[in-house]
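>>> Turn this into a structure:
(2 chains)
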Amino acid sequence: MPLDRDSWFFRTGRKAVINFTALFLVGLAASPLQKRSWGEVRTFQPELNLQDVESALGQGIVIGLLGGFRTLLADFVYLRANYYWEKYDRPNTEALLGLTSSIDPRPMYFWLNGARMIAYDIPVWRIREKGAWEDVPEFYRKEIYREQVDRAMKMLDRAEKFHPDDMRLPLEKARIYYDKVNDYEKAAENYKRAIDLPNAPYYAHRIYANALDKAGHPREAYNFLKNRWFTMDHTNRGAMPEVVLERIRELEARLDTPFIERLPPQPGETEEQFNLSPFGESTISRQGEVNFNIAPATPDPAPAHDHDHDHGHDHNHDH
Amino acid sequence: MSAPGRIGLIARNTFLEAVRQKFFNVLVVLSIAMIASANFFRQFDFGSSELKFIADFGMGAIFLFGSILSVVVTAQLFFSEIENRTALTMLAKPVYRWEFIVGKFLGVFIVLFAFVTLMLALLAAVLYWRESGLMNIHPEDFEDGRLVNYLGIVELAFSELLKFGVLAAITMLIASFSNTNLYTVVLSFFVMVICQLQYIARDNWSDLDNPLLRGLVWFLSLLFPNFQMFNVGEQLIFPTHDATLSTGGYLGIIAYGSIYICMLLGLSAYSFRNREI
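Numbers count the residues shown, from 1 in each chain, chains lettered A, B, ... in the order given. The predicted structure follows:
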């Protein structure tokens, strides 16, 4: 059957083919241009993970996202998560925290507070659901903490994809490992990552040494603190040199370090403390208090485990 | 009268007709209200700094209302000429159909220019006012000067204008073969959503295992323009050491938008060429 060139089908088909072909060709021609500019632009843009927001589709989320109100939408979802947090509603709190950071992964606030709620607060709720704290067997409590810490770590792992150079993320991981599951090996690993990144706080160095010590590496902890002593800014109050020195001396005593290898006496320490003979008794005789010329430090916002405390309570985080 | 003169005349009439519409005025008033109220919504901000929140909120309002304006006004002005039979009168005179398309588009483009300029000027004023207030409260945070790059807002005006221009050109293309205003508006919004998400196809087609599906996704990724390319407001308004759009990158975006507008207008003129009015 001959093709009728005047038929609607032929005319529309021809028009569609020409339009699609032209659009495809212009897309192909503009591809290098798009590659160049998009390559640059996309590095600034947080990727919208549709899989993560899929559960919330139909609630106006997509319209808000496509409409450019990502920031506002994330704030409202975060508010909603806090509403459920107040009600001790675990599934909704966790789901909405995940949704918040999926909608707008840029603010660190969502990641850190979300992880803290998951690792610090939710385990307490779960234990309370089973009865009084002391009535719940310890192994069960530990299991709950382990589960929640794993969930918090998953969240922080996702955060690191968006903020690979932000020391607050490994720092938060380290604190959670240290405080909540006493996994000092992983805590030390993450403290190390944090202090290798710019702007790490002073206390992270001190607690890195603590974590190393508790993980069964006191020698590494000692060497780290000793090196740190020589490189740190002694005039900075936040660095708390008196605490660092105290730890060094504690470790020297515990490791039974020969006096010749120890950190030389520092200003304010009494000479009598040190028997400089390499064959002398390797015990520090503490004759008097250590007195430093440096004024008592106002510590930088160090976590509670700078002096080990038990943390069987809700963690304070910003709301 | 020469072709540019005829196009100019159509554009001028289109512009005047658009600004006389209640729809345009309502959208402008809504947008102004939204941007001006960004300052009150900052109480809801948890994640980002106050100025960034105001800028995000304002840019969100511009995108939302700008998109509605681009699609609805283009479709409405195009079909009003056909429904009122004024297109017949106009095309009976020595006016080519491509001139009609280009004139209509230019009229809408001027409307969009006025909208974007007005909204970004308002956003800049809100940001300036709030930044000055913050400078008095926290002078230590502004030791290196102002945080907002007001020149970046001017640059942003062009990229936003081109984004809306591409959307208006898409609507013009759909209107050139469609029979109703409603169909054009609905289809244009669908295409806008596809263009907003085009980058997912573009970035991921190569990861697909099925060669047939891979080819299809690749084809689709080239069929639609990438609207996320124009999403550079934060980098232009708050440039930092890590996130500053280079001149090459910016010019690339401008060129990309311009190429698409020209191409879409060409296709619109082609589709409209043999259309029965």
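>>> Please enumerate the helices of the stretch 151-277 of chain B.
B:181-204, B:211-223, B:233-237, B:247-273 (DSSP state H, counting those that start in this stretch).
>>> The stretch 101-250 of chain B against chain A: which residues are in contact?
Residues of the stretch 101-250 of chain B lying close to chain A (Cβ under 8 Å from any Cβ of the partner chain) are B:173, B:177, B:193, B:196-197, B:199-200, B:202-203, B:219, B:221-226, B:228-229, B:231-232, B:234-235, B:243, B:245-246, B:248-249. Heads up, the C-betas are built off the backbone N, CA and C, glycines and all.
>>> Of all the helix elements in chain B, which one is longest?
Ranked by number of residues, the top helix in chain B under DSSP state H is helix B:97-137.
>>> So which elements touch that one?
Packing partners of helix B:97-137 (3 or more Cβ pairs under 8 Å, 6 or more residues apart in numbering or on different chains; DSSP states H and E): helix B:3-20, helix B:22-41, helix B:50-83, helix B:86-92, helix B:150-177, helix B:247-273.
>>> from the middle of its chain, how far away would the longest one be?
Translated: helix B:50-83. Relative to its chain's centre, helix B:50-83 lies at 7 Å (Cα atoms, centre = their mean, to the nearest Å).
>>> For that helix, name the packing helices and strands.
If you count contacts as 3+ Cβ pairs under 8 Å, 6+ apart, helix B:50-83 packs onto helix A:70-86, helix B:3-20, helix B:22-41, helix B:86-92, helix B:97-137, helix B:150-177, helix B:181-204, helix B:233-237.
>>> got TSV for the helices and strands packed on helix B:97-137, with mean neighbour count and mean pLDDT too?
TSV is the format used below for these (neighbours: other Cβ atoms under 10 Å in any protein chain shown; pLDDT from 0 to 100):
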stretch	mean neighbour count	mean pLDDT
helix B:3-20	17	91
helix B:22-41	15	84
helix B:50-83	22	90
helix B:86-92	13	82
helix B:150-177	23	94
helix B:247-273	19	93
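>>> Among those helices, which comes closest to residue A:175?
Set against residue A:175 and scored by Cβ to Cβ, these come closest in helix B:50-83, at 27.1 Å.
>>> Can you flag the buried ones in the residues of the stretch 101-250 of chain B next to chain A?
For these, a neighbour count by 16 or more other Cβ atoms under 10 Å in any protein chain shown gives the buried set as B:173, B:177, B:196-197, B:199-200, B:202, B:221-226, B:228-229, B:231-232, B:234-235, B:245, B:249.
>>> picking up where we left off before, generate CSV for the helices of the stretch 151-277 of chain B, with distance to residue A:176 as supplementary columns.
Below are the helices of the stretch 151-277 of chain B laid out as CSV (distance: least, Cβ to Cβ, whole Å):
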stretch, distance to residue A:176
helix B:181-204, 32
helix B:211-223, 40
helix B:233-237, 30
helix B:247-273, 39
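>>> Of the helices and strands packed on helix B:50-83, which is nearest residue A:235?
Counting by Cβ to Cβ, residue A:235 lies closest to helix B:97-137 out of the helices and strands packed on helix B:50-83; the figure is 30.5 Å.
>>> Would you confirm that residue A:125 contacts residue A:90?
Yes - the pair residue A:125 / residue A:90 is scored as a contact, 6.0 Å apart, by Cβ atoms under 8 Å.
>>> Once you drop chain neighbours, what's closest to whatever residue of the stretch 101-250 of chain B ends up closest to chain A?
Chain A sits closest to residue B:222 of the stretch 101-250 of chain B, with a gap of 3.2 Å, by Cβ to the nearest Cβ. Spatial nearest neighbour of residue B:222, chain neighbours left out: residue A:27 (3.2 Å); criterion: Cβ to Cβ, 6 or more residues apart in numbering or on different chains.
>>> Go through the helix or strand encompassing the one you found and flag the buried ones.
Using DSSP states H and E, residue A:27 sits in helix A:8-29. For helix A:8-29, the neighbour count (16+ other Cβ under 10 Å) marks A:15, A:19, A:23, A:26-27 as buried.
>>> Run the angle between that helix and helix B:247-273 for me.
Interaxial angle of helix A:8-29 relative to helix B:247-273 (axes from the mean of the first three to the mean of the last three Cα atoms, to 10 degrees): 170 degrees.
>>> ok, then the element right after the helix or strand where residue A:154 lies?
Assigned by DSSP H and E, residue A:154 belongs to helix A:138-162. From helix A:138-162 onward toward the C-terminus, using DSSP H and E, the following helix or strand is helix A:168-180.
>>> got the phi/psi numbers for the residue of chain A found nearest chain B?
Sorted by distance to chain B under Cβ to the nearest Cβ, the residues of chain A start with residue A:107, at 2.6 Å. Torsion angles at residue A:107 (phi, psi; degrees, to the nearest 10) stand at phi -70, psi 130.
>>> what separates it from residue A:79, distance-wise?
Applying Cβ to Cβ, to the nearest Å, the value for residue A:107 to residue A:79 is 14 Å.
>>> Specify which residue of the two has the higher count of neighbours.
residue A:107 (24 against 14; other Cβ atoms under 10 Å in any protein chain shown).
>>> what pLDDT does the more buried one get?
Residue A:107 carries a pLDDT value of 87.
>>> What residues does residue 38 make contact with?
If you meant another chain, say so; for now it's chain A. With contacts defined as Cβ atoms under 8 Å, 6 or more residues apart in numbering or on different chains, the neighbours of residue A:38 are B:199, B:202, B:226, B:228-229.
>>> that's the other chain; I wanted chain B
B:53-54, B:57-58, B:61, B:123, B:126.
>>> Going by distance to residue B:100, which of the residues you listed wins?
Residue B:100 has its nearest neighbour among the contacts of residue B:38 in residue B:61, at 32.5 Å by Cβ to Cβ.
>>> list the contacts for the nearest residue to that closest one once chain neighbours are set aside?
Leaving aside its sequence neighbours, residue B:61 sits nearest to residue B:34 (Cβ to Cβ, 6+ apart; 4.0 Å). Counting by Cβ under 8 Å, 6+ apart, residue B:34 touches B:57-58, B:61, B:65.
>>> before we move on, the earlier item: next, the angle from the longest helix of chain B to helix B:247-273.
Counting by the same axes, to 10 degrees, helix B:97-137 points 150 degrees away from the direction of helix B:247-273.
>>> Got the phi and psi for residue B:147?
phi -90, psi -30.
>>> Can you name every helix or strand that the helix holding residue A:27 contacts?
Judged by 3+ Cβ pairs under 8 Å, 6+ apart, the packing partners of helix A:8-29 are helix B:150-177, helix B:211-223, helix B:247-273.
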